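Trainee: how would this look folded up:
(one chain, ligands or ions: 1)
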Amino acid sequence: MTPPLYASAVEAIGNTPLVELSRLTRGLEGRILAKLEYLNPGYSKKDRIARQIVEDAEADGSLQPGQTVVELTSGNTGTGLAIVCGIKGYPFVAVMSRGNSVERRRMMAALGAQVVLVDQLPDSKPGQVSGGDLALVEQEAQRITLERGAFRADQFHLAGNFRAHYLHTGPEFLQQSGGEIDAFCDFAGTGGSFAGCAAAFKEYNPAICCFLVEPEGAAALAGEPVTYPNHRIQGGGYSMSHLPLLRPENIDGYLQVSDTQAVQVSRRLAREEGIFAGFSAGANTAAAVRLLQTDFQGKTIAVMMCDSGLKYLSTDLWE
Ligand SMILES: Cc1ncc(COP(=O)(O)O)c(C=O)c1O
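Mentor: Reported below is the predicted structural model:
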């Protein structure tokens, strides 16, 4: 179906293609279906939540015309908010750790955001943003929100993050796959994508198994000790043992992926499937491959290609 003419880029958010990874799964029994979220206007799935959070806040009156919007971001939510706020006329302040890649900061600024960078903890490394680094970003976001009388587009708590995926991403997966999904695995940052999609999947068919993906050595949600908080899988794995948006009853299990596995599979996605995505897409796919090799042989696994590989050109993701 040819997409219609849209009134703005905000309306071009969502309805991303679903692609079967038939080259990467050669020799394995079963299918991996990958949703190309990097084809959103801001090149990530977080455009979806930016739109939902802002539109929910407009609807319930918590965001007033012209009011400043503030959010803590690893870059992708900020890019989505920069697009949505720019089009709808809200000044936007993105508060981000200096540890996130430079492409993200430049892109948000280009889209009209004011970008505030927060230094990492003394023993943290660029490209490896830990839960401790994120706590510093949170403090600064709270301070700026108060100072500016702003609306905090709080992605860790606001239902819009859940709703974007519950109302749209999950149902799109189901529609595009003809409902043929046996399992879903998703690398958690805020857990919004997991929570929203899992709720939509379980409502459709409670037998769809939903697995949370975490970095090896930082699997706090699985209740494991955190020995490696400074992993390289950008966008999540913040070593938080509780994420407010997650519904425990929809979690069927936990999978862990190492930096090396995430990087190797991201590179395979690019070379073998023509899918140029980031670290977390590699993590999701690595987890899906493991499911096909174990309990889900012959089954269909759904995953998200969360953001574009272009966001990591300055990192060593690409050789
Ligand atoms: C690249 C990337 N992958 C994964 C995630 C995690 O998604 P969620 O916050 O929905 O758990 C994010 C979140 O910012 C992200 O930017």
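
Trainee: so residue 276 sits against residue 38, correct?
Mentor: Yes. With contact defined as Cβ atoms under 8 Å, residue 276 counts as touching residue 38 (7.4 Å). Any C-beta I mention is one placed from the backbone N, CA and C, and that applies to glycine too.

Trainee: so which of those two has more stuff around it?
Mentor: Shown here are residue 276 and residue 38; by other Cβ atoms under 10 Å, residue 38 has more neighbours (24 against 19).

Trainee: how about low-confidence regions in the stretch 101-250 of the chain?
Mentor: When residues are selected by pLDDT under 70, none of them lie in the stretch 101-250 of the chain.

Trainee: pull up the residues of it that are close to the ligand.
Mentor: Listed as neighbours of the ligand in the stretch 101-250 of the chain under the rule Cβ under 6 Å from any ligand atom: 187, 188, 189, 190, 191, 192, 193, 194, 235, 236.

Trainee: the helix or strand hosting residue 292 vs the ligand: in contact?
Mentor: Assigned by DSSP states H and E, residue 292 belongs to helix 279-293. Yes. Counting by Cβ under 6 Å from any ligand atom, contacts between helix 279-293 and the ligand involve residue 280.

Trainee: what sits against residue 129?
Mentor: 74, 97, 99, 100, 120, 234, 238 (Cβ atoms under 8 Å, 6 or more residues apart in numbering).

Trainee: want to throw those into JSON lines with secondary structure and neighbour count?
Mentor: Below are those laid out as JSON lines (DSSP: H, G, I helix; E, B strand; the rest coil; neighbours: other Cβ atoms under 10 Å):
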{"residue": "74", "secondary structure": "coil", "neighbour count": "25"}
{"residue": "97", "secondary structure": "strand", "neighbour count": "24"}
{"residue": "99", "secondary structure": "coil", "neighbour count": "23"}
{"residue": "100", "secondary structure": "coil", "neighbour count": "24"}
{"residue": "120", "secondary structure": "coil", "neighbour count": "22"}
{"residue": "234", "secondary structure": "coil", "neighbour count": "27"}
{"residue": "238", "secondary structure": "coil", "neighbour count": "25"}
